[in-house]
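Chemist: sequence first, then the predicted structure, then my questions.
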Amino acid sequence: MKTLVRLLIAAAVLATVAVVWQIASAHVAHNLLLSDLREATAQIGGRIGLDAPSTEDDFKNLVIKRAADHGIVLTPDQITVERIQSNDDSTWGLKVSTTYDVAIGFFGITYPMHFTASASHA
């Protein structure tokens, strides 16, 4: 009987560790994506008028690639890109946001964790 109780306790501890690992990994990936979004929106050249602004699709593809680098699967329809003009219209900024779910599995049950990432720089 003691052995069975010990096995059940060990299984519960391992299951808890597995779920905590999945949740922590999802949050780390989200924070890395958020950092990448902040970097992408802070492109100096476009803001000071040195470069021609990239297209909305270019920014979406960049976000998809960076998300994939962190194990996050995004589609273009999950990403919103908005241009922000300055008051004098000589410079521009960018706002990028995305919404996605990460599936957390536990004994065959899947729970979706919802994440929203947004960054802007004007």
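Modeler: Ah, there it is.

Chemist: how much space separates D69 from D36?
Modeler: 8 Å (CB to CB, to the nearest Å). Where C-beta positions appear, they are placed from N, C-alpha and C, glycine not excepted.

Chemist: so if I had to pick from the two, which one is more boxed in?
Modeler: When neighbours are counted by other CB atoms under 10 Å, D36 comes out ahead of the other of D69 and D36, with 20 against 12.

Chemist: pLDDT averaged over the host helix or strand of that one - what is it?
Modeler: Assigned by DSSP states H and E, D36 belongs to helix 2-41. Across helix 2-41, pLDDT averages out at 88.

Chemist: tell me what that helix is packed against?
Modeler: Where contact means 3 or more CB pairs under 8 Å, 6 or more residues apart in numbering; DSSP states H and E, helix 2-41 is packed against helix 56-69, strand 92-106, strand 109-121.

Chemist: could you give the separation of the first one from the chain centroid?
Modeler: Centroid separation for helix 56-69 versus its chain: 11 Å, with CA atoms, centre = their mean, to the nearest Å.

Chemist: packing partners for the following helix or strand past that helix?
Modeler: Sequence-wise, the next helix or strand downstream of helix 56-69 (DSSP H and E) is strand 79-85. If contacts are counted by 3+ CB pairs under 8 Å, 6+ apart, strand 79-85 sits against helix 56-69, strand 92-106.

Chemist: buried stuff in the last one?
Modeler: Same thing as strand 92-106. Across strand 92-106, burial judged by 16 or more other CB atoms under 10 Å covers W92, G93, L94, K95, V96, S97, T98, Y100, V102, I104.

Chemist: closest to W21 among these?
Modeler: I104 (9.9 Å; CB to CB).

Chemist: got the contact list for that closest one?
Modeler: Listed by CB atoms under 8 Å, 6 or more residues apart in numbering, the contact set of I104 reads V19, Q22, I23, A26, T110, Y111, P112, M113.
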